[in-house]
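K.L.:
Provided below are the primary sequence and the corresponding predicted coordinates.
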Amino acid sequence: MYNIKILKYSNYLIFSLLIGVLILAFLLDIALGSVQIPIDEVVKVLFGGEAEKVSWTNIILKFRLPKAITATLAGAALGVSGLQMQTIFRNPLAGPFVLGISSGASLGVALVTLTANLAGASAIFQTLGILGDLTLVIASSLGAAAVLGLVLIVSHRVQDTMTLLILGLLFGYATSALVSILLQFSDSQRIQAYLQWTFGSFAGVTWRQMPILISVVLSGLLVAAVLSKPLNVLLVGESYALTLGLNLERTRFWIITSASILAGAVTAFCGPIAFLGVAVPHLCRSMFSSCDHRILVPAVIIMGAIMALIADLMCTIPGNQTVLPLNSVTALIGTPVVSWVILRRYYAK
């Protein structure tokens with residue numbers, strides 16, 4: 001009993017520290033950039049006051065605040081999506097990018113953005129009533145769900161995790177090939193816009209688009225939170241889960257739905273962001289020394305948001321107009337974590 005109390009107390013302490021780091025990272029992401037703004041001025045504006053300079057207020061409210069909110073939501077969504085896929089596939093390297101989920105979402109976006117100039121395409125979207133920002137979210141989520149569903153079907157026949165990982169990568173290459181074909185038949189302006197989107201960025205979401213992103217991500221996170229107990233049951237194996245009365249088909253469906261919505265929404269608005277979905281769950285497992293999803297889901301939400309905000313900070317060089325590609329920065333952050341996972345598993349044998 002004493003050890004359990006110590007463990008619970010340490011968890012509360014870690015959560016408190018993570019929340020503090022999240023708040024600090026959020027404020028720094030707003031304060032730092034080509035124009036540096038004192039943190040106390042940032043706090044003043046966030047609580048409804050006016051900054052010392054009018055330009056600071058405009059920079060915070062029009063540009064940096066929506067960017068910081070987007071980074072927070074995207075990091076949380078990708079982290080939880082990766083956690084769900086690592087559990088359902090029982091593969092420590094599973095994630096939206098590694099298993100081709102982000103590639104499928106990219107294909108959905110490409111089908112919307114690169115074929116919009118084809119005859120009849122615009123009329124079809126108007127008939128369906130999904131033009132605008134919601135079109136990208138739906139197309140991206142459907143693309144992610146298609147690839148994830150295909151990987152899940154194959155996983156029933158292929159038990160080896162490494163083989164499944166390779167197949168996921170192949171599915172990603174196949175969807176990338178389809179995107180390349182679409183690029184070949186698109187005009188230069190749309191190609192340039194799509195390539196810019198693939199670099200990844202949290203700065204492209206406006207206040208008009210924010211309600212859609214918030215509602216979609218929160219819906220996916222809510223489903224993931226409800227699935228915490230079923231995800232714990234899946235850790236002991238599908239056969240044992242059946243004996244406990246778990247409806248595997250329904251559980252898989254909701255996991256696929258949640259993971260696809262989360263990865264699809266982020267990909268639609270921010271581009272295909274790599275490594276966060278793989279790295280964040282492992283950081284949380286090590287930090288809390290637990291595989292309990294009732295702890296991991298909220299932990300991954302907070303840690304994912306922190307990592308995304310840190311990546312966004314690294315993209316912005318203080319005092320300079322240069323902005324680094326987000327995907328390059330997340331790769332630099334995620335590669336050491338993924339390498340550590342592989343090496344730890346190798347030396348544990």
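P.N.:
The structure has been received and is ready for your questions.
K.L.:
right, and the helix or strand after the worst-scoring helix or strand of the chain on mean pLDDT?
P.N.:
When each helix and strand of the chain is scored by mean pLDDT, DSSP states H and E, helix 121-128 comes last, with a mean of 42. Per DSSP states H and E, the first helix or strand lying C-terminal to helix 121-128 is helix 133-157.
K.L.:
tell me what that following helix is packed against?
P.N.:
Using 3 or more Cβ pairs under 8 Å, 6 or more residues apart in numbering; DSSP states H and E as the contact test, the elements touching helix 133-157 are helix 101-113, helix 161-184, helix 210-226, helix 248-270. Glycine gets a C-beta too; all of them are placed from N, C-alpha and C.
K.L.:
residues of stretch 211-225 that come out buried?
P.N.:
Across stretch 211-225, burial judged by 16 or more other Cβ atoms under 10 Å covers I212, L213, V216, V217, G220, L221, V223, A224.
K.L.:
which one of the helices and strands packed on helix 133-157 has the most crowded surroundings?
P.N.:
Across the helices and strands packed on helix 133-157, the average number of neighbours (mean count of other Cβ atoms under 10 Å) peaks for helix 101-113, which reaches a mean of 26.
K.L.:
picking up where we left off before, of the helices and strands packed on helix 133-157, which is nearest G82?
P.N.:
G82 lies closest to helix 248-270 among the helices and strands packed on helix 133-157, at 8.4 Å (Cβ to Cβ).
K.L.:
any idea how far that closest one is from the chain center?
P.N.:
From the chain centre to the centre of helix 248-270 is a distance of 11 Å (Cα atoms, centre = their mean, to the nearest Å).
K.L.:
and what of stretch 75-82?
P.N.:
In this view, stretch 75-82 has its centroid 4 Å away from the chain centroid, taken as Cα atoms, centre = their mean.
K.L.:
and for stretch 183-201, what are the contacting residues?
P.N.:
If you take Cβ atoms under 8 Å, 6 or more residues apart in numbering as the criterion, stretch 183-201 is touched by 106, 109-110, 113-117, 204, 270-273, 315, 323, 325-327, 330.
K.L.:
make it 6 Å
P.N.:
The contact list for stretch 183-201 (Cβ atoms under 6 Å, 6 or more residues apart in numbering) reads T113, L114, G271, I273, P325, L326, N327.
K.L.:
how long is it from one end to the other?
P.N.:
The straight-line separation of the ends of stretch 183-201 (Cα to Cα, to the nearest Å) is 21 Å.
K.L.:
show the average pLDDT along it.
P.N.:
Mean pLDDT, stretch 183-201: 81.
K.L.:
again, but for stretch 290-299
P.N.:
Rounded to a whole number, the mean pLDDT of stretch 290-299 is 92.
K.L.:
what's next to that stretch, contact-wise?
P.N.:
Applying Cβ under 6 Å, 6+ apart, the contact partners of stretch 290-299 are A224, A225, S228, L231, N232, C284, F288.
K.L.:
would you mind measuring from the fifth one to L93?
P.N.:
Yep, that's N232 we're talking about. Distance, N232 to L93, using Cβ to Cβ, to the nearest Å: 21 Å.
K.L.:
same thing with the third one?
P.N.:
When Cβ to Cβ is the yardstick, S228 and L93 sit 22 Å from each other.
K.L.:
neighbour count: the two, which is higher?
P.N.:
When S228 and L93 are compared on other Cβ atoms under 10 Å, the one with more neighbours turns out to be L93, at 21 against 15.
K.L.:
SS state for that one?
P.N.:
Of the three states, L93 takes coil under DSSP: H, G, I helix; E, B strand; the rest coil.
K.L.:
hmm, back to that, what's the closest of the helices and strands packed on helix 133-157 to V341?
P.N.:
Nearest of those to V341, taken as Cβ to Cβ: helix 161-184 at 12.5 Å.
K.L.:
what's downstream of that closest one, the next helix or strand?
P.N.:
Sequence-wise, the next helix or strand downstream of helix 161-184 (DSSP H and E) is helix 188-198.
K.L.:
run the angle between that following helix and helix 101-113 for me.
P.N.:
Using axes from the mean of the first three to the mean of the last three Cα atoms, to 10 degrees, the inter-axis angle of helix 188-198 relative to helix 101-113 is 150 degrees.
K.L.:
just the C-alphas of helix 188-198, formatted as PDB.
P.N.:
The C-alpha coordinates for helix 188-198 follow below in PDB (Å, rounded to 0.1, in the frame of the first residue of the first chain):
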ATOM      1  CA  SER A 188       2.500  24.800 -61.300                       C
ATOM      2  CA  GLN A 189       0.600  26.900 -58.800                       C
ATOM      3  CA  ARG A 190      -1.100  24.000 -57.200                       C
ATOM      4  CA  ILE A 191       2.100  22.000 -57.100                       C
ATOM      5  CA  GLN A 192       3.900  24.800 -55.300                       C
ATOM      6  CA  ALA A 193       1.100  25.200 -52.800                       C
ATOM      7  CA  TYR A 194       1.100  21.400 -52.100                       C
ATOM      8  CA  LEU A 195       4.900  21.200 -51.800                       C
ATOM      9  CA  GLN A 196       4.800  24.100 -49.300                       C
ATOM     10  CA  TRP A 197       2.100  22.300 -47.400                       C
ATOM     11  CA  THR A 198       4.300  19.100 -47.100                       C
END
